[in-house]
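Colleague: what shape does this take:
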Amino acid sequence: MKILGIGNAIVDVICKVDESYLTNNNLTKSTMKLVDEIEFKKLLSTLKIENTISGGSVANSIVGLSQLGNQVGFIGKVNDDDLGQKYEDGLKKEKVDYLYSKKKEILPTGTCLILITPDSERTMCTFLGTAGKINELDINIEAVKNSQVTFLEGYLWDKGEPKSAFNKAIKYSNTVAMSLSDLFCVERHKLEFLDLIKTKLDITFANEQEITSLIDAKKFEDIVLFCQELGKTIIVTRGEKGSIAITKDEIIECKSKKDLKIIDLTGAGDLFAAGYLHGYINNLTIRESLEKGTEMSSKIIQRIGARLG
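Modeller: A predicted model of the protein is given here:
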């Protein structure tokens, strides 16, 4: 197996809203908020559903990698319920090796309410459900060992069982890549994320807002210097400014594509990571990998949802 993804197995519920909806419900635009089942259902009751699809940050990347012809797998926890079955079917349809045997759980399958405002930004309210209960026993050690890259998401990093599962996967990995996922995650786990980047990760994906918060950067040059001193590979996406890969010895920039009809930014980072990792495992140059990431993210933002059909 080329790449194994481990992350939150979440079913995405996509809805369009105006700016006032976010304000009236005390939601911070372009971030992810964890909610309980009661709050999730309350929010959902006031909305019109545009689409319901299998999701989860790393799972979206893994599907993108599969669509590019790579042999991939995914570990994420669902319940043996209707949504859990839909989630599993969604992965199998995309030729992803789903390495988790679902069973009856106390909590239902996790769900994420994705609220899309007129400017195409997405704000997420996530009820983790059983996805947030992933533990060490759910990690297939042989699958980790036999994968060229293990790809993890910052959303998964949480106290207790998920963190233990995360660390177990890192212990047996050949190469570890991780997405910082969200500003909410960075601010919640800043010191631990810094330690992960410095000591355990080989490739880190972040957008400019996330990496700026992580290191309290005052200007972009601070980010470049920090990344160079690490001696690891840090990939920073910058929206309209494109993307940049920073290693100990190189700084490689890639321009964004222009004149796109942007509909929904959901999944832009996920598909960028898919494109970059496709390049990495197929021995493309860093520049070619950035270009593939840009190509994939450009495609996804011109449609609703985080997966290419």
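
Colleague: the helix or strand hosting residue 13: partners in the sheet, and parallel or antiparallel?
Modeller: Assigned by DSSP states H and E, residue 13 belongs to strand 10-16. Strand 10-16 pairs in its sheet with strand 49-55 (antiparallel), strand 110-116 (parallel), by DSSP bridges.

Colleague: for residue 36, which of the ones you listed is the nearest?
Modeller: Set against residue 36 and scored by C-beta to C-beta, these come closest in strand 110-116, at 11.6 Å. Placement of C-beta: from N, CA and C, glycine included.

Colleague: can you name the next helix or strand after the closest one?
Modeller: Sequence order places strand 122-127 as the next helix or strand after strand 110-116, per DSSP H and E.

Colleague: how far off strand 49-55 does that next one point, in degrees?
Modeller: Counting by axes from the mean of the first three to the mean of the last three C-alpha atoms, to 10 degrees, strand 122-127 lies at 70 degrees to strand 49-55.

Colleague: how far off centre is strand 122-127?
Modeller: Put simply, strand 122-127 sits 13 Å off its chain's centre (C-alpha atoms, centre = their mean, to the nearest Å).

Colleague: who touches that strand?
Modeller: Applying C-beta atoms under 8 Å, 6 or more residues apart in numbering, the external contacts of strand 122-127 come out as 8, 10, 22, 27-37, 39-40, 43, 110-117, 155, 182, 264-266.

Colleague: among the residues you listed, which are in helices?
Modeller: Judged by DSSP state H, helices contain the following of the contacts of strand 122-127: 22, 37, 39-40, 43.

Colleague: nearest to residue 72, of these?
Modeller: Nearest to residue 72 among the ones in helices among the contacts of strand 122-127, with distances taken as C-beta to C-beta, is residue 40, at 29.3 Å.

Colleague: pretty sure the closest one is touching residue 112, no?
Modeller: No. Applying C-beta atoms under 8 Å as the test, residue 40 and residue 112 come out as separate, 9.1 Å apart.

Colleague: out of those two, which sits in the more crowded spot?
Modeller: A count of neighbours by other C-beta atoms under 10 Å puts residue 112 above the other of residue 40 and residue 112, at 26 against 20.

Colleague: how far out from the middle of the chain is the lowest-mean-pLDDT helix or strand in the chain?
Modeller: For the chain, using mean pLDDT, DSSP states H and E, the weakest element among its helices and strands is strand 49-55, scoring a mean of 88. Centre-to-centre, strand 49-55 and its host chain are 16 Å apart (C-alpha atoms, centre = their mean).

Colleague: ok, stretch 270-282 next?
Modeller: Centre-to-centre, stretch 270-282 and its host chain are 13 Å apart (C-alpha atoms, centre = their mean).

Colleague: that one: which residues count as buried?
Modeller: 270-281 (16 or more other C-beta atoms under 10 Å).
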